[in-house]
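1. A predicted structure for the sequence below; I have some questions about it.
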Protein chains: 2
Amino acid sequence: MQYPEPIAKLIDSYQKLPGIGAKTATRLALFTLGMDDKVVRSFADSLISAKEDITFCEICGNLTSKDENPCVICRDPSRDQKTVLVVQNARDVMAMENTREYHGLYHVLHGLISPSAGTGPEDINLPSLIRRLSSHPEIKEVIVGTNANADGEATAMYIARLLKPAHIKVTRLAHGLAVGSDIDYADQLTLIKAVEGRNEI
Amino acid sequence: MQYPEPIAKLIDSYQKLPGIGAKTATRLALFTLGMDDKVVRSFADSLISAKEDITFCEICGNLTSKDENPCVICRDPSRDQKTVLVVQNARDVMAMENTREYHGLYHVLHGLISPSAGTGPEDINLPSLIRRLSSHPEIKEVIVGTNANADGEATAMYIARLLKPAHIKVTRLAHGLAVGSDIDYADQLTLIKAVEGRNEI
């Protein structure tokens, strides 16, 4: 037996989301039926308008409203125009912004170079970084903030090699123990990075 | 910092779903931005049409399309009209139907009597069961298929007491060990129920 078609279609839609299988999709669909009409309508509207009104910033590649392009960060003259932090995705920008301690600019790659998955430099938002650096000589430092996994390292190495001839300083976010964490809970790679990156006190 | 408004609104919508917190909602919203335009539009459409085209069957209370009321099960003359299985929700109907072994009718309560939560018999789809039974004297047996927890038991007891004077047989789905399960993994309550409900072989 099948659920009535409108429910089956909704279950199917929910199932297209990451990490949501058949059971969860069914639960969400049946929950939706019990939600307030207005809430469901605003959910549907927000799906459409997120797709229609959001685009990529023409400078940094981060997500931005179509009527704010370049994005608010790129247009903000009070930000440090000499530093660009390269990150994998929009969530990384948000995490960094929420610290309120970084005041430079960003460049969002929307992916990483992945030799194993066959993702090359041209497949991510990297060519636009090169163009950006050559047309903005005021940028003196590129901080690579990719994750500390194989793809993140490959991307960092690629960027470093690429920018060396241009005499732009390339740095990498420090890896080590999380503040407040226990040494005996840290994974081996983090411990190794923490030893490698030790500082004199 | 906030995500651009259309994204923030979408995150907010996702967060209204059960079991979805801020982090997951953000992940889903950003994933949605990368989905195909047509898929997102059909997602939005399915939300609206599930709300607009689905109603409760006027007989059994199960979910059904507005143009199929009474529902397909209630309208099927080949089903055993003498037996009604009372369940908590539409998912229970689906689970039972998928066994293809039950051929009677259903009654969907959309809830359980819960003394602790203050949910009484009038707050769930129980009055309609009483009306249904009095206008359909061909119904000879009511099987109570509520879960084996406190609320499920309270609901089963209430129904049994209510129908006794009407000389309708009230039975309860058997509780015991799941088929194929290990005894040493079963919880205590299940083991007790399995002993209580033991059968001669």
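-> Yes, it's here.

2. mind jotting down where the strands sit in chain A?
-> Using DSSP state E, the strands of chain A run over A:54-56, A:63-65, A:83-87, A:105-108, A:141-144, A:169-172.

3. which one of those strands is the most hemmed in?
-> For the strands of chain A, the largest average neighbour count (mean count of other CB atoms under 10 Å in any protein chain shown) is found in strand A:105-108, namely a mean of 25. For the C-beta atoms, the positions are set from N, CA and C on the backbone; glycine is no exception.

4. find the centremost residue of chain A, please.
-> The residue lying closest to the centre of chain A (CA atoms, centre = their mean) is A:Asn89, at 1.2 Å.

5. and the gap between that residue and B:Leu30?
-> Distance, A:Asn89 to B:Leu30, by CB to CB, to the nearest Å: 7 Å.

6. repeat for A:Ser13
-> From A:Ser13 to B:Leu30 the distance is 17 Å (CB to CB).

7. and these two? which has more neighbours close in?
-> Applying other CB atoms under 10 Å in any protein chain shown to A:Ser13 and B:Leu30 shows that A:Ser13 carries more neighbours, namely 24 against 21.

8. doesn't B:Lys38 make contact with the more buried one?
-> No: using CB atoms under 8 Å as the test, A:Ser13 is too far from B:Lys38 to be in contact (11.6 Å).

9. now do the residue lying farthest from the centre of chain A, the pLDDT please.
-> For chain A, the C-alpha farthest from the mean C-alpha position belongs to A:Met1; by CA atoms, centre = their mean, that distance is 41.8 Å. Model confidence at A:Met1, given as pLDDT, is 77.

10. one more: A:Ile59?
-> So A:Ile59 comes in at 96 (pLDDT).

11. gap between the residue nearest to A:Asp37 when sequence neighbours are not counted and A:Ile139?
-> Spatial nearest neighbour of A:Asp37, excluding adjacent residues (CB to CB, 6 or more residues apart in numbering or on different chains): B:Lys51 at 6.1 Å. Distance, B:Lys51 to A:Ile139, using CB to CB: 50 Å.

12. where do the helices of chain A begin and end?
-> Assigned by DSSP state H, the helices in chain A fall at A:5-15, A:22-34, A:37-53, A:90-97, A:127-135, A:150-163, A:188-196.

13. which of those helices is buried the deepest?
-> By mean count of other CB under 10 Å, these have helix A:5-15 as the most buried, with a mean of 21.

14. residues contacting A:Tyr3?
-> Contacts for A:Tyr3 (CB atoms under 8 Å, 6 or more residues apart in numbering or on different chains) come out as A:Ile11, A:Thr26, A:Ala29, B:Leu63, B:Ala90, B:Met94.

15. for the fifth one, which non-adjacent residue is closest in space?
-> Pointing back at B:Ala90 there. B:Leu63 is the one closest to B:Ala90 (CB to CB, 6+ apart), at 4.7 Å.

16. now the second one
-> Once its chain neighbours are removed from consideration, A:Thr26 has its nearest residue in A:Ile11; the separation is 5.3 Å (CB to CB, 6+ apart).

17. A:Ala29 is in contact with that neighbour, correct?
-> Yes: with contact defined as CB under 8 Å, A:Ile11 reaches A:Ala29; the gap is 4.5 Å.

18. surely A:Glu138 and A:Gln81 touch.
-> Yes: between A:Glu138 and A:Gln81 there is a contact at 5.3 Å, judged by CB under 8 Å.

19. and the two? Which one has more around it.
-> A:Gln81 (15 against 6).

20. relative to chain B, how far out is the more buried one?
-> Distance of A:Gln81 to chain B, given as CB to the nearest CB, to the nearest Å: 18 Å.

21. cool, A:Ser114 as well?
-> Counting by CB to the nearest CB, the separation of A:Ser114 from chain B is 17 Å.

22. now do the contacts for the nearest residue to that residue once chain neighbours are set aside.
-> Leaving aside its chain neighbours, A:Ser114 sits nearest to A:Asp151 (4.4 Å; criterion: CB to CB, 6+ apart). A:Asp151 makes contacts with A:Leu112, A:Ile113, A:Ser114, A:Ser116, A:Ala117, A:Thr119, as judged by CB under 8 Å, 6+ apart.

23. with A:His136 instead?
-> Here A:His136 is in contact with A:Gln81 (CB under 8 Å, 6+ apart).

24. which phi and psi values does it adopt?
-> Backbone torsions for A:His136, taken as degrees, to the nearest 10, come to phi -130, psi 80.

25. quick one: pLDDT of it?
-> pLDDT, A:His136: 93.

26. if I look at it, how far off is chain B?
-> 22 Å.

27. before we move on, what about A:Thr64?
-> 6 Å.

28. report the mean confidence score over stretch A:77-89.
-> Averaging pLDDT along stretch A:77-89 yields 95.
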